[in-house]
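*Asks:* quick one: sequence and predicted model below, then my questions.
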Amino acid sequence: NAGVTQTPKFQVLKTGQSMTLQCAQDMNHEYMSWYRQDPGMGLRLIHYSVGAGITDQGEVPNGYNVSRSTTEDFPLRLLSAAPSQTSVYFCASSYGTGTYNEQFFGPGTRLTVL
Amino acid sequence: GDSVTQMEGPVTLSEEAFLTINCTYTATGYPSLFWYVQYPGEGLQLLLKATKADDKGSNKGFEATYRKETTSFHLEKGSVQVSDSAVYFCALPEYNNNDMRFGAGTRLTVKP
């Protein structure tokens, strides 16, 4: 099992550009989520999904879009990048439909917006 | 809302020293509690968990006890190694189980 994979590992964008961060898992997990990690703030939830076709907002959703067309994939789209979106982004998945089970994290994408 | 508060770091210890990282929480109900660890350049991984009051989670020599009376879940290890150098996060699932609340993280550096 590859677990949770993310691409790219690093990305530099200019203000106003758009891009998609890719996330895939091969564990047949129903729950998937995207977090951003900023210094001194831990991880904050951006969006999550409890199954294919079902997504919802987390704590900090503004400026981001998600979709879940398959169980395996959960891409995160930045619509118009801003310097405030400079962060490390983690995708995670877990068995079941909630966070009460162990979450498995990808290796992260480090994004810089100039 | 639900939240966790961790002791501020960074923490620097010598090898074989005793480690305590404090974590307190505010929660609706009695959620499971987690410690995750992030090694340099990697994603987070589960270190240990406890699902109810007075439960003790343990793994790799680390322990934490779920204390309802003090709303705490402090992480301890009796003798740290250089390989324990990492960032440690205390976490709990929000009451609706669709979000995980993480502490700010505590960076531990162990020197030989």
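*Replies:* Yep, it's here. What you are looking at is a predicted structure, and each value in this text was computed from that prediction instead of being measured.
*Asks:* for residue B:83, phi and psi?
*Replies:* Backbone torsions of residue B:83, given as degrees, to the nearest 10, read phi -70, psi -10.
*Asks:* okay but residue A:20 is in contact with residue A:76, surely?
*Replies:* Yes: using CB atoms under 8 Å, residue A:20 is in contact with residue A:76, at 6.9 Å. Quick note: C-beta positions are derived from backbone N, CA and C, even for glycine.
*Asks:* of the two, who's got more company?
*Replies:* Neighbour count, other CB atoms under 10 Å in any protein chain shown: between residue A:20 and residue A:76, residue A:76 has more, with 22 against 13.
*Asks:* which residues sit in contact with that one?
*Replies:* A:20-21, A:23, A:34, A:46-47, A:64-66, A:89, A:91 (CB atoms under 8 Å, 6 or more residues apart in numbering or on different chains).
*Asks:* dump these into a markdown table; add distance to chain B and pLDDT as well.
*Replies:* Compiled in a markdown table, those are given as follows (distance: CB to the nearest CB, whole Å; pLDDT from 0 to 100):
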| residue | distance to chain B | pLDDT |
| --- | --- | --- |
| A:20 | 19 | 97 |
| A:21 | 13 | 98 |
| A:23 | 11 | 98 |
| A:34 | 12 | 97 |
| A:46 | 10 | 96 |
| A:47 | 11 | 96 |
| A:64 | 15 | 97 |
| A:65 | 18 | 97 |
| A:66 | 14 | 97 |
| A:89 | 10 | 97 |
| A:91 | 8 | 97 |
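*Asks:* quick check: the farthest pair among these?
*Replies:* Distance extremes for these: the farthest pair is A:65 and A:91 at 14.6 Å, using CB to CB.
*Asks:* neighbour count winner among these two?
*Replies:* With neighbours defined as other CB under 10 Å, residue A:65 and residue A:91 compare such that residue A:91 has more, 27 against 15.
*Asks:* which elements pack onto the helix or strand hosting that one?
*Replies:* Element membership for residue A:91 (DSSP states H and E) is strand A:87-94. Helices and strands touching strand A:87-94, by 3 or more CB pairs under 8 Å, 6 or more residues apart in numbering or on different chains; DSSP states H and E, are strand A:4-7, strand A:19-25, strand A:31-37, strand A:104-105, strand A:109-113.
*Asks:* can you say which of the ones you listed is packed in most?
*Replies:* strand A:31-37 (a mean of 25; mean count of other CB atoms under 10 Å in any protein chain shown).
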